[in-house]
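Visitor: based on what follows, work out the 3D shape:
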Amino acid sequence: MRDYSATQSDGGGCTPCCQVCVFAFTAFLLVAERTALIYCFVYYLWVGHNYCYAYLAGFTALFLLPGWFPQWLSYLWYLSDGRISRKSLRWTHILHLGIFKRLWECMRLPDEDVYGEIMQQADVSALRLFEALVVTLPETLLHTYVLICTDIGVKSPASVCFAVCLLSLAWALVLYARACSLIRPGHLQMTPAAILCRLLWRVSMLGSRFAVLMLFTRIFQQWVLGVIGVHWLGATFWMVSQQTNIIRSTSRWRLFNLVLGAVHIFLFLNVKYGQSRYRMAGFYLVMFLENALLLLASSWLFAMVSWDTVGIPAAVFCSFLIGVIALVLYYRFLHPKSFEIFQSIRHRGIGGACMQRGSTLSLEEKVAPSFHRHATLSGGGTLMDLPIQWEGWKHHHWLLIRLALKTGDVSRIWSVYGEGGLAGLMGLSEEVHSPDVHRVPRVCCSPELKASIIRDSSF
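Guide: Numbers count the residues shown, from 1 in each chain. As a prediction, the model looks like this:
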């Protein structure tokens, strides 16, 4: 089996200096976003001369309230990792500095614990994405509305706030994709070129989507809610039809699909195990057709010709086209398995590429005919039995691993990592032995996870 610790950065990957730059830029974007939002709030109250400005200030403040949820979740994750609930830790999250604290910890020099470093980066990336979806996305939509549907104009602070929020949202998606790439075994770290290409893809797609929705709102106003509702319903049914197994509980699985359906109103997130190019192509084809119909419905192209009626739709389509080009370039040249993806497309099937390369695009890897792992719990059973014996499988690291691998199949995840990779990511110390050796190894919890042992339920 593959040793996960051996799949670290090769040439061309992000060096520790590059990693520091990634998280420093994330912190800078967070500060810039909060500063722009506060400045816009003050601007609406100070300059506003009618009730419209008061509404905009109120919505700007209202959309900041969901930011408490990522801070609360970050605090709970610290506790589940074994941190002591000190007053300083509580005040750090009350002051909305929890993500900054995690970013600072990630920017420090790498420790010897490679697994801990990877999961630390995954924690902050997932929390930042959650914050971006519940705070940054609504704020971006609001200030797109301000620029397109009101007379405030592009010279106001709203334009700066829109640009910063859009960049921050796109960067959160890139940061999360980078963390998932680190968690998956056998994947190299993203190169700077890959990060920039993904950022361009996300910025272009999100910018065109927000602009189309607000152009439609300018003409049809509340009817845009019907368009969003229909898209949400269709996306939710699409997610249900994929039958993902990341979440096992029926009620949580339904909620998971509802949330992802709402996310897919604006962007694409792949949560299905297996090849994703057909799902991604179908999503963006539907998005293109929907954007075109909304633009045609909202433009006065046949009534008069001006920059407002021709230039803006042209800019929206150019933005979408740039996003498509960046997407194709990333998967053709910059994806860690871009060669295998290209070969599988050329042979119109994954078999030809895998036969030629001796590898696979799926999670399974060729298992060396050496010996199988037999790790025994002190209370009986093996590591495969942990989902029903150990609450650590409800731990957030276990959820992040399933999201990164896009599967909740324990046996598949177990077979993918091998050589202690899963135990290392989950914070376990494990001894591995051959079945020919007559001794019983132990699997014990690390001090960080002792607080999450012994509850007979699985996530």
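Visitor: would you check that Tyr273 makes contact with Lys406?
Guide: Yes: if you go by CB atoms under 8 Å, Tyr273 and Lys406 touch, sitting 4.5 Å apart. Quick note: C-beta positions are derived from backbone N, CA and C, even for glycine.
Visitor: any common contacting residues for those two?
Guide: Contact with both Tyr273 and Lys406 is made by residues Thr244, according to CB atoms under 8 Å, 6 or more residues apart in numbering.
Visitor: surely Gly207 and Leu166 touch.
Guide: Yes: contact status for Gly207 versus Leu166: in contact at 5.9 Å, counting by CB under 8 Å.
Visitor: kindly report the domain assignment for this structure.
Guide: 13-189, 191-361, 376-452 (automatic domain parsing).
Visitor: can you add mean neighbour count and mean pLDDT and give those domains back as JSON lines?
Guide: As requested, those are exported to JSON lines (neighbours: other CB atoms under 10 Å; pLDDT from 0 to 100):
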{"stretch": "domain 13-189", "mean neighbour count": "18", "mean pLDDT": "91"}
{"stretch": "domain 191-361", "mean neighbour count": "16", "mean pLDDT": "84"}
{"stretch": "domain 376-452", "mean neighbour count": "17", "mean pLDDT": "60"}
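Visitor: residues in contact with the residue nearest to the spatial centre of the chain?
Guide: Centroid-nearest residue in the chain, with CA atoms, centre = their mean: Tyr176, separated by 3.9 Å. Contacts here follow CB under 8 Å, 6+ apart; on that basis Tyr176 touches 125-126, 128-129.
Visitor: please redo it, this time with the cut-off set to 10 Å
Guide: Taking CB atoms under 10 Å, 6 or more residues apart in numbering, we find Tyr176 in contact with 122, 124-130, 132, 269, 400, 403-404.
Visitor: which of these fall within helices?
Guide: 122, 124-130, 400, 403-404 (DSSP state H).
Visitor: distance to Val324 added to the residues you listed, as a markdown table?
Guide: Supplementary listing: the ones in helices among the contacts of Tyr176 in a markdown table, determined by distance: CB to CB, whole Å:
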| residue | distance to Val324 |
| --- | --- |
| Ala122 | 29 |
| Val124 | 30 |
| Ser125 | 25 |
| Ala126 | 27 |
| Leu127 | 30 |
| Arg128 | 26 |
| Leu129 | 23 |
| Phe130 | 27 |
| Leu400 | 29 |
| Leu403 | 26 |
| Ala404 | 25 |
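Visitor: quick check: Val328 vs Thr250, distance?
Guide: 38 Å (CB to CB, to the nearest Å).
Visitor: rewinding a little: show the subsequent helix or strand relative to the one helix or strand the residue nearest to the centre of the chain maps to.
Guide: Element membership for Tyr176, per DSSP states H and E: helix 157-183. Heading C-terminal from helix 157-183, the first helix or strand you meet, by DSSP H and E, is helix 192-220.
Visitor: packing partners of the longest helix anywhere in the chain?
Guide: Assignment by DSSP H gives helix 16-47 as the longest helix of the chain. The elements that helix 16-47 packs onto, with contact taken as 3 or more CB pairs under 10 Å, 6 or more residues apart in numbering; DSSP states H and E, are helix 51-62, helix 98-107, helix 114-131, helix 137-149, helix 157-183, helix 192-220.
Visitor: closest one to Ala292 out of the ones in helices among the contacts of Tyr176, please.
Guide: Leu129 (29.0 Å; CB to CB).
Visitor: nearest residue to the closest one other than its sequence neighbours?
Guide: Tyr176 (4.3 Å; CB to CB, 6 or more residues apart in numbering).
Visitor: what does Ala36 give?
Guide: Counting by CB to CB, 6+ apart, Ala36 lies nearest to Cys161, which is 4.2 Å off, once chain neighbours are set aside.
Visitor: surely that neighbour is in contact with Phe63?
Guide: No: applying CB atoms under 10 Å as the test, Cys161 and Phe63 come out as separate, 11.6 Å apart.
Visitor: which residues are in contact with each of those two?
Guide: 37, 139-140, 142.
Visitor: just the endpoints, please. Distance across stretch 102-121?
Guide: 8 Å (CA to CA, to the nearest Å).
Visitor: swap that for stretch 43-53, please
Guide: Across stretch 43-53, first to last residue, CA to CA, it's 9 Å.
Visitor: pull the residues that contact that stretch.
Guide: With CB under 10 Å, 6+ apart, stretch 43-53 has contacts from 54-61, 146, 150-152, 156-158, 161.
Visitor: chain center to that stretch: distance?
Guide: Relative to the chain's own centre, stretch 43-53 is displaced by 35 Å; criterion: CA atoms, centre = their mean, to the nearest Å.
Visitor: Gln71 is in contact with Leu95, isn't it?
Guide: Yes: look at Gln71 against Leu95 with CB under 10 Å: they come within range, at 8.8 Å.
Visitor: what's the closest non-adjacent residue to Val212?
Guide: Asn291 (4.6 Å).
Visitor: quick one: that neighbour and Arg209 touch, right?
Guide: Yes: counting by CB under 10 Å, Asn291 touches Arg209, with 7.0 Å between them.
Visitor: list the residues that contact both of those two?
Guide: With CB under 10 Å, 6+ apart, Asn291 and Arg209 have common neighbours 316, 319-320.
Visitor: which residues touch His96?
Guide: 30, 34, 64, 67-68, 70-71, 74, 131 are the contacts of His96 under CB under 10 Å, 6+ apart.
Visitor: please disregard the earlier target; I meant Ala36.
Guide: Counting by CB under 10 Å, 6+ apart, Ala36 has contacts 139, 143, 157-158, 160-165, 168.
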